[in-house]
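**Q** Turn this into a model:
(one chain, ligands or ions: 1)
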Amino acid sequence: MKEEPFNYDRRYPSVGDLKRKARRRIPKFAFDYLEGGCNEEVNLRRNEADLESIELMPQYLKRYAGMTMRTELFGHVYDAPFGIAPIGLQGLMWPNAPEILAGAALKHNIPYILSTVSTGSIERIAEVSRGRAWFQLYHPTEDRLRDSILDRLQAVECPVLVVLVDVPSFGLRYREIRSGLSMPPKMTFRNVVQAAVRPAWCMETLRAGIPEFATLKPYMERHMDMAQLGRFMNMTFTGRVDVDKIAAIRERWKGKLVIKGVVSEADAERAIDLGVDGIIVSNHGGRQVDAGESSVKSLLRLSSTYGKRLPIMVDGGIRSGPDIARVLACGARFAFMGRPFMYGVAALGRRGGDHTIGMLKAQFRQVMEQLCCENVADLAGTRIPAL
Ligand SMILES: Cc1cc2nc3c(=O)[nH]c(=O)nc-3n(C[C@H](O)[C@H](O)[C@H](O)COP(=O)(O)O)c2cc1C
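**A** Below is the predicted model:
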């Protein structure tokens with residue numbers, strides 16, 4: 001027998017374990033923000049359910065020379081074919097979450113994507129990630145602000161700009177509405193009570209200070225109250241992105257350009273025509289279109305037609321090494337996860353990024369060895385067609 005592959009905290013061998021622990025450690029309003037989907041959460045459930053239905057076939061008698069999960073993407077060889085998706089307000093869920101995750105991603109040589117509305121600044125995260133972090137842009141209403149953000153990204157030599165296109169309208173998330181987590185955020189009596197029963201979160205938050213939109217701070221007036229902050233966010237970002245806006249970015253941005261939120265053939269065609277370098281097939285973790293299809297279904301449609309023309313990445317409902325293998329078997333070049341890494345940090349604080357990445361690597365290694373795959377490209381041949 002070979003040595004046991006799992007050398008991380010044995011109390012948390014799965015994303016489910018981290019999620020249970022996270023729920024007990026952070027205030028309910030923060031957990032609801034992280035967990036929720038839109039409307040009745042049908043699309044949220046579909047992401048995981050459709051992924052679970054993908055089956056892979058092992059081979060046991062084939063000669064096997066060992067495996068590597070290293071994957072080349074945009075000129076960089078990553079240690080594993082998965083990365084950390086952009087999440088807004090990360091520091092609300094756990095203080096310094098962007099720094100913790102960007103640092104762990106650097107250590108494990110996987111990509112971390114910083115959100116425009118996260119709580120770490122472009123410059124700070126570039127420092128922590130030694131220039132490796134990617135950046136996700138919420139499209140600003142004014143070109144002046146867009147250009148200022150692009151200049152800052154260029155100055156820190158950000159390698160990949162990810163433009164989000166699937167938030168033309170705010171998702172209607174009932175959990176957030178109920179818990180008062182809106183723009184502007186409300187500190188209701190109930191929320192204060194929910195925080196008070198999570199002492200570890202309170203201590204860390206007191207130590208780190210109130211989280212803020214660090215990347216956007218230079219564009220805000222000082223000492224904005226919550227209502228002013230809400231008005232600023234609504235006026236500053238349109239959310240709606242079209243071909244003209246992408247063309248203007250393509251013209252200006254010399255690094256790699258990725259569009260996140262492509263789920264239709266028509267948008268994939270537009271992205272290719274615009275000269276983007278890759279797409280992330282995503283339904284925003286089931287937070288925008290409840291009547292939409294699961295990410296893996298969109299992936300299967302798009303990868304068969306466009307997989308040879310540009311790298312297709314995917315996120316939504318991926319929770320384990322077997323899930324990473326499933327999406328790679330369905331034609332994705334790379335898998336991203338959002339909530340799992342936040343569960344990890346909320347559960348284990350500073351150790352959470354390292355633990356979650358290491359755990360997923362161990363799970364993915366096991367499934368590749370079991371399926372007799374020597375490299376990630378071999379996974380393409382393991383998918384069992386639906387009966
Ligand atoms: C709490 C939360 C906040 C998010 N914030 C952003 C964001 O600021 N920018 C963005 O491009 N996507 C955002 N997303 C979507 C994620 O990048 C990703 O598409 C999604 O989480 C993938 O699904 P998963 O959580 O099932 O892995 C957010 C998702 C969640 C759950």
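
**Q** do you know how far the spatially closest residue to Phe213 that is not a sequence neighbour is from the ligand?
**A** Closest residue to Phe213 apart from its sequence neighbours, by Cβ to Cβ, 6 or more residues apart in numbering: Val117 at 5.8 Å. To be clear about C-beta, it is placed using only N, CA and C from the backbone, and glycine gets the same treatment. If you measure Val117 against the ligand using Cβ to the nearest ligand atom, to the nearest Å, the figure is 5 Å.

**Q** Backbone torsions only: list them for Val117.
**A** phi -100, psi 30 (degrees, to the nearest 10).

**Q** Now for it: which residues touch it?
**A** Neighbouring residues of Val117 by Cβ atoms under 8 Å, 6 or more residues apart in numbering: 88-89, 138, 213, 215-216, 233.

**Q** redo that, cut-off 10 Å
**A** Going by Cβ atoms under 10 Å, 6 or more residues apart in numbering, Val117 touches 86-90, 136, 138, 213-216, 233, 237.

**Q** any idea how far Ile125 is from the residue nearest the centre of the chain?
**A** Per Cα atoms, centre = their mean, the C-alpha nearest to the average position across the chain is that of Ala85, at 1.4 Å. As judged by Cβ to Cβ, to the nearest Å, Ala85 and Ile125 stand 15 Å apart.

**Q** tell me the strands in the stretch 1-150 of the chain, going along the chain?
**A** 71-73, 76-78, 82-84, 113-115, 134-137 (DSSP state E, counting those that start in this stretch).

**Q** For my notes, please list those in a markdown table and give mean pLDDT, distance to Cys330 and mean neighbour count for each entry.
**A** Shown next, in a markdown table, are those (pLDDT from 0 to 100; distance: least, Cβ to Cβ, whole Å; neighbours: other Cβ atoms under 10 Å):
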| stretch | mean pLDDT | distance to Cys330 | mean neighbour count |
| --- | --- | --- | --- |
| strand 71-73 | 98 | 16 | 17 |
| strand 76-78 | 98 | 19 | 14 |
| strand 82-84 | 98 | 14 | 27 |
| strand 113-115 | 98 | 21 | 27 |
| strand 134-137 | 98 | 23 | 24 |
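
**Q** sorry, back to before: among the contacts of Val117, which one sits closest to the ligand?
**A** Gly88 (3.2 Å; Cβ to the nearest ligand atom).

**Q** contacting residues for the closest one?
**A** Gly88 neighbours (Cβ under 10 Å, 6+ apart): 33, 115-119, 136, 138, 213.

**Q** Tell me the one of the residues you listed nearest Asn43?
**A** Among these, Tyr33 lies closest to Asn43 (Cβ to Cβ), at 17.3 Å.

**Q** Low-confidence stretches in the stretch 201-350 of the chain?
**A** 226 (pLDDT under 70).

**Q** what sits against the closest residue to the ligand within the chain?
**A** In the chain, no residue comes nearer to the ligand than Gly338, which is 2.2 Å away by Cβ to the nearest ligand atom. Shown in contact with Gly338 (Cβ under 10 Å, 6+ apart): 34, 84-87, 113, 115, 282, 284-285, 287, 315-318.
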